[in-house]
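A.B. asks: fold the following, please.
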Amino acid sequence: MKVAELLVHLKSAPPDAVVLAISVAQNLSYPIEIGQVHKPREPWIREYLLQYGGEVASYLRPANRSRIELPFNPARDEAYEEGVVIISSESMRFNEGLSL
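C.D. replies: Okay, the predicted model is just below:
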C-alpha cells in the first residue's frame, strides 16, 4: 500500500481513533496498537524473485542489508529502490542499522 492510498482510507476516520494492525496469522482478538511512525532516510530495496514453479516472491529490505531469502538472478529477477514508511507498536525500537 502506498501512503496516498492509506491517506484516502484515513480521511474519513475519526481523528481520535486508535490505529491497530493485524497480521494474516492473527485474528481480531490480538491486534497491535500502532504507536510509532518511522520514515527512513534512505530508500529500501524491493526485489521480485522468480521462484521455481513460476511464482514471483516480493521482498522489501533496507539497502544496507543483504538478502536473506532466495538468491538473486539478474537475468530473471528485478530489484529497485522504493521509499517506505514503517508503522510499529510503541514497544518496538529501530536503530541506525536499518537506515532510519
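A.B. asks: what are the structural domain limits within this structure?
C.D. replies: 1-40+87-100, 42-84 (automatic domain parsing).
A.B. asks: pretty sure L49 contacts D77?
C.D. replies: Yes - counting by CB atoms under 8 Å, L49 touches D77, with 4.8 Å between them. (Glycine included, C-beta is placed from N, CA and C.)
A.B. asks: and these two? which has more neighbours close in?
C.D. replies: The neighbour count for L49 versus D77, taken as other CB atoms under 10 Å, is higher for L49 (19 against 16).
A.B. asks: the more buried one sits in which helix or strand?
C.D. replies: Assigned by DSSP states H and E, L49 belongs to strand 44-50.
A.B. asks: alpha carbons of that strand, as PDB, please.
C.D. replies: What follows is strand 44-50, C-alpha atoms only, in PDB (Å, rounded to 0.1, in the frame of the first residue of the first chain):
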ATOM      1  CA  TRP A  44      14.700   0.400   0.700                       C
ATOM      2  CA  ILE A  45      15.200  -2.300  -2.000                       C
ATOM      3  CA  ARG A  46      12.200  -4.100  -3.400                       C
ATOM      4  CA  GLU A  47      13.100  -7.400  -5.100                       C
ATOM      5  CA  TYR A  48      10.900  -9.500  -7.300                       C
ATOM      6  CA  LEU A  49      12.300 -13.100  -7.500                       C
ATOM      7  CA  LEU A  50      11.000 -15.700  -9.900                       C
END
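A.B. asks: next SSE after that strand?
C.D. replies: strand 56-62.
A.B. asks: show me what counts as buried in that next one.
C.D. replies: In terms of neighbour count (16 or more other CB atoms under 10 Å), strand 56-62 has its buried residues at 59, 61-62.
A.B. asks: in CSV, list the residues you listed along with pLDDT and distance to S89.
C.D. replies: Converted to CSV, these look like this (pLDDT from 0 to 100; distance: CB to CB, whole Å):
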residue, pLDDT, distance to S89
Y59, 86, 22
R61, 87, 21
P62, 89, 19
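A.B. asks: what about I86, how many residues nearby?
C.D. replies: 15.
A.B. asks: need phi/psi at it.
C.D. replies: When quoted as degrees, to the nearest 10, the phi and psi of I86 stand at phi -110, psi 130.
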